[in-house]
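> Requesting a structural model of the entry that follows:
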Amino acid sequence: MAERNHEGAHPPSKRARHDTDESGEPDHTRSSSSHTKKRETVVVQALRRLGEQGKGSLQDNIERMADQIMAQLAEHHAEIVDALVDCAATKPDRTSVYSTLVGLINATAYDTGGEIVLQLSSRLQASLENCNFPESRSLIRFIADLGNASVLMPGSVVALLETLVAVCDEPGAPQARMDEYVGMTLEVLPWVGRDLCERATEPFDRLLSNMEDYIRRRSTGHVRYLTVFNIDAPEQVDALEITWAQVSGLQKREWKETAITRPYIFFDDVLVTSTQHDFPSVSIPPHGKENSVYPAPQVAFRLFGPADTPEDCTLPPSRSVERMIYEAKLRETIYSFSSNVALCASEIAESIYSMRRVPLNYVAVEVLLGDMLALPKSRAPTAFYHAVLAELVRTTAPFADALTLGMDHIFHRLDKMDVECAAAFSQWVGHFLNYYGFKFRWELWFDVVAVEPNMPQSIFVREALLAMVELSYLERVQKELPEQLTPFLPEAPEAHFKYETADAATRKVLLIEEICKAVRNKMLTLANVVPVVDSVTELRRVTEIGGAAVPLDDEDDDSDERIADQRLEVYFSCVLNVGSKTMTHLRIILQRQLPVLEHYVKTAESRGLILRVASAFWTKSPQMQRCAIGHLLRNKIIDPSTVVDWVFAPEQVDLFCRRFVWDILFDTLDYCGRCAAALDADAGAARVCQDSLLMALQHFSALLNERLVLPGEDQQEYRGWALASTGRFLQLCRRYCCTPFFQDALPTISAAILPDLHPVAASILRAVASI
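Reported below is the predicted structural model:
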């Protein structure tokens, strides 16, 4: 494990680590303008901080806050109501704190309680209309918890939940829609199940029965295509299925759990006297609206088993509701503090230290790694997880110990790991070890020396070391790396300028230098570059070596097409050579040369040529290849079809086990999607987008048919290549086939390639299309 600098057994206080304003409010809340900040009253600022760890008990703080609100309600009524609704929507980690507060307000000011309920209804309706499902989940749980705080009638809460589950009866509703609404409902039951079971028995039983019917009939065929590990233990199960199992287990325990903080029980004598409200009806937006986009199904990520945790601190079973509640608390913390890495890590660390009897450090590792590796995409930007993990290792010793074990488990399961996830894991390890100065127990990787080069563990070590080199430099990594692992290091990232020569007297070198000089000219015009580049044709007949004609390359072809290709190749090689110092130099010189490139690059053949030139020039530096190709694509010097043809060209096939090839392809298809989104009224942009994916799938299909053998036949020769390539085909389908810009074209794409597709690849495409 990387060396770490722990700052004591407990993390320092939040005030010591994070800037605060005069009211003590943490800096993560400073997203609003200073003008808005000045208008926010002291009582509202205190309201937003309620539930943070500080002086006094939670009970006393809630009671004090309720008294403060009642004292200022007349003067700041609208601000207080708006702030309470906003806290309910954006602070899901404090659901019961704010529901208790609303309960106390309602007990004293019934009309204000009713106004809060109405605003909650409007906010929930807007969230559902906008498909803002994270906020909808927070609001629904808060609204349901108001039943526990004697604000809402139990029948009203059940009616809301029945409205959500009613989508299961809609004809033609996609499974993703039904999963989302049933999942929202299941997740609130640990908070309200006991109360509803006692006070609204009949409708609650009907609700549970309807959800059970849906769980039984829904398809789980997506699990094998969305799971990180293809293993039996620890189990990798559909997330909704395991949530149902957790809730069912709680029902058998008569809805008794020990993981939820319920501050309203301290105020039972006050709340029981309250007059309760009915919650206004909410309508579920119909499917088919323009923004009807639902989260993809998820598979629960499990990394640790019972034997991994200390005997006196047992990990809750995978199917226990306590596991569900702890995971939900951590995800809510991540959601609430996603704009502030340090504060997010601080909140997670405080949760770990405050729950000594629960190994929350192991749960936190599972949640953070699982969400980072989640398929079909991570829940938040991967850079956010990289930063939070590094910060937690720096400040929280128990977390660092659990992460060390988790990394070891993943490394030994790489042969059973999804190819896309393994690539993401190798990238994170490279970032992580770079952050900690490459201090690592390298002997854990020594066994990989005996593994075949294209097998998962070898690929992982090679790609992790490449990531370290790209973030640092080769000599720095070499200095820390044991000799046994040096064969996995990449080559020195040097440029390959094919026209360099030791004989500076030749006309060839003089002309190359003249072209480079013209390229360096910051006062670039077509008039002072094109004549120099056009003089490349003279090289076919110029000699200053032994009196014999020496062509610029080995091909003896003086056709106009060949001369034009030669001219472009020489010119663009000089451009790359001039910009070869850094990525910044490369971008600047390519940007400056756009007019000349546009002058010469006008055909599909010329676009393919400069892409091959860029690839050959930076053959030892995948990072610079990706930079150059991306810049040419964004400036429309090459088009997406050029990149797709290059990726699947015969000379690239043996590189399919390298990550950079797929990064370039996915960068290209992502760029297509962004262009189509920016020009959503432009049918041409969407068509280019769809055609690019179809071309990629067709090329990939042809390669798989050629190089994959049928089941039962010997495929030892291509074993590693086959594992990597089928995994990348799954990634390609999973990443794009269900996006809005490709869904309409999916039937056409499937019809075009399925009849001739290899059985393995065909099953992947059918399964992903059905998700």
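> SS state for the residue nearest to the spatial centre of the chain?
Taking Cα atoms, centre = their mean, the centroid of the chain lies closest to residue 378, which sits 2.6 Å from it. Here residue 378 is recorded as coil under DSSP: H, G, I helix; E, B strand; the rest coil.
> My understanding was that it contacts residue 385; is that so?
Yes. Contact criterion Cβ atoms under 8 Å: residue 378 and residue 385 qualify, at 7.0 Å. Every residue, glycine included, has its C-beta placed from N, CA and C.
> From the chain's centroid, how far away is stretch 597-609?
Taking Cα atoms, centre = their mean, to the nearest Å, one finds the center of stretch 597-609 at 35 Å from the center of the full chain.
> pLDDT below threshold where in the stretch 151-300 of the chain?
Along the stretch 151-300 of the chain, segments meeting pLDDT under 70 span 289-291.
> now with 90?
Within the stretch 151-300 of the chain, the segments meeting pLDDT under 90 span 172, 174, 220-225, 230-237, 258, 287-297.
> for the stretch 501-650 of the chain, same thing?
501-567, 570-571, 596, 650.
> All the helices of it, residue numbers only.
In the stretch 501-650 of the chain, the segments counted as helices under DSSP state H, counting those that start in this stretch are 507-520, 526-534, 560-578, 583-592, 594-600, 604-617, 622-634, 640-647.
> So what angle separates the directions of the first one and helix 560-578?
Using axes from the mean of the first three to the mean of the last three Cα atoms, to 10 degrees, one finds that helix 507-520 and helix 560-578 are set 60 degrees apart in direction.
> Counting by contacts, list what helix 507-520 packs against.
With contacts taken as 3 or more Cβ pairs under 8 Å, 6 or more residues apart in numbering; DSSP states H and E, helix 507-520 sits against helix 526-534, helix 560-578.
> what residues does the longest one touch?
What that stands for is helix 560-578. Here helix 560-578 makes contact (Cβ atoms under 8 Å, 6 or more residues apart in numbering) with 495, 497-499, 512, 515-516, 519-520, 533-534, 536-537, 539-540, 552-553, 555, 585-586, 589-590, 593, 596-597, 600-601, 605-606, 609-610, 613-614, 617-618, 628.
> With the first one instead?
Residues outside helix 526-534 that contact it (Cβ under 8 Å, 6+ apart): 511, 514-515, 518-519, 521, 567, 570-571, 595-596, 599-600.
> Can you give me the neighbour number for residue 74?
8 (other Cβ atoms under 10 Å).
> which element is it on?
For residue 74, there is no host helix or strand (DSSP states H and E).
> Ramachandran angles for the residue lying closest to residue 463 once chain neighbours are set aside?
Once flanking residues are discounted, residue 463 sits nearest to residue 426: 4.1 Å by Cβ to Cβ, 6 or more residues apart in numbering. Torsion angles at residue 426 (phi, psi; degrees, to the nearest 10) stand at phi -60, psi -40.
> Now for residue 426, how many residues are close by?
For residue 426, using other Cβ under 10 Å, the count is 22.
> The helices and strands packed on helix 507-520: which one's closest to residue 64?
Counting by Cβ to Cβ, residue 64 lies closest to helix 560-578 out of the helices and strands packed on helix 507-520; the figure is 67.6 Å.
> How far off centre is the closest one?
40 Å.
> Over to stretch 371-387?
Centre-to-centre, stretch 371-387 and its host chain are 3 Å apart (Cα atoms, centre = their mean).
> Repeat that for stretch 417-431.
The chain centre lies 12 Å from the centre of stretch 417-431; the measure is Cα atoms, centre = their mean.
> Let me see the mean pLDDT of that stretch.
Averaged across stretch 417-431, pLDDT comes to 96.
> go on, stretch 318-328?
93.
> Between the two ends of stretch 254-264, how far is it?
20 Å (Cα to Cα, to the nearest Å).
> Which residue is the nearest non-sequential neighbour of residue 720?
Residue 720's closest residue in space is residue 454 (Cβ to Cβ, 6+ apart), at 2.7 Å.
> Now name the helix or strand holding that neighbour.
Counting by DSSP H and E, residue 454 is found in no helix or strand.
> Report the separation between it and residue 168.
Per Cβ to Cβ, to the nearest Å, residue 454 is found 46 Å from residue 168.
> Looking at the contacts of helix 526-534, spot the one nearest residue 404.
Lowest distance from residue 404 to these (Cβ to Cβ) belongs to residue 519, with 50.4 Å.
> how about the closest one, what does it touch?
529, 571, 574, 575, 578, 589, 593.
> count of residues packed around the fourth one?
This means residue 575. Residue 575 has 26 neighbours, counted by other Cβ under 10 Å.
> so where does residue 150 fall, helix or strand?
Applying DSSP H and E, one finds residue 150 in no helix or strand.
> Could I get the contacting residues of it?
103, 106, 107, 264, 271, 272, 274, 276.
> can you count the residues close to the fourth one?
The reference is to residue 264. Residue 264 is flanked by 23 other residues according to other Cβ under 10 Å.
> Correct me if wrong: residue 274 contacts residue 148.
No. Judged on Cβ under 8 Å, residue 274 makes no contact with residue 148 at a distance of 11.8 Å.
> Tell me, how many residues neighbour the nearest residue to residue 489 once chain neighbours are set aside?
In space, and not counting its chain neighbours, residue 489 is closest to residue 465: 5.5 Å by Cβ to Cβ, 6+ apart. Neighbour count for residue 465, taken as other Cβ under 10 Å: 25.
> Pull out the CA atoms of stretch 238-245 and give them to me as PDB.
Taking C-alpha atoms only, stretch 238-245 is exported to PDB below (Å, rounded to 0.1, in the frame of the first residue of the first chain):
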ATOM      1  CA  ASP A 238     -29.100  -7.100  -9.500                       C
ATOM      2  CA  ALA A 239     -29.500  -4.100  -7.300                       C
ATOM      3  CA  LEU A 240     -33.300  -4.000  -7.200                       C
ATOM      4  CA  GLU A 241     -33.500  -7.700  -6.500                       C
ATOM      5  CA  ILE A 242     -31.200  -7.300  -3.500                       C
ATOM      6  CA  THR A 243     -33.100  -4.300  -2.300                       C
ATOM      7  CA  TRP A 244     -36.300  -6.300  -2.300                       C
ATOM      8  CA  ALA A 245     -34.500  -9.100  -0.400                       C
END
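> do you know how far residue 603 is from residue 287?
46 Å.
> more crowded one of those two?
residue 287 (15 against 10).
> ok, now which ones touch the more buried one?
By Cβ under 8 Å, 6+ apart, the contact list for residue 287 reads 170, 172, 173, 174, 177.
> swap in residue 635?
Here residue 635 is in contact with 590, 591, 594 (criterion: Cβ under 8 Å, 6+ apart).
> list the buried ones in whichever helix or strand residue 477 is part of?
Remark: residue 477 resides in helix 474-480, with elements defined by DSSP H and E. For helix 474-480, burial by neighbour count (16 or more other Cβ atoms under 10 Å) applies to 474, 477.
> Check which helices and strands that helix sits against.
With contacts defined as 3+ Cβ pairs under 8 Å, 6+ apart, helix 474-480 has these neighbours: helix 456-471.
> now the helix it packs on and helix 622-634, what's the angle there?
Calculated by the same axes, to 10 degrees, helix 456-471 forms an angle of 70 degrees with helix 622-634.
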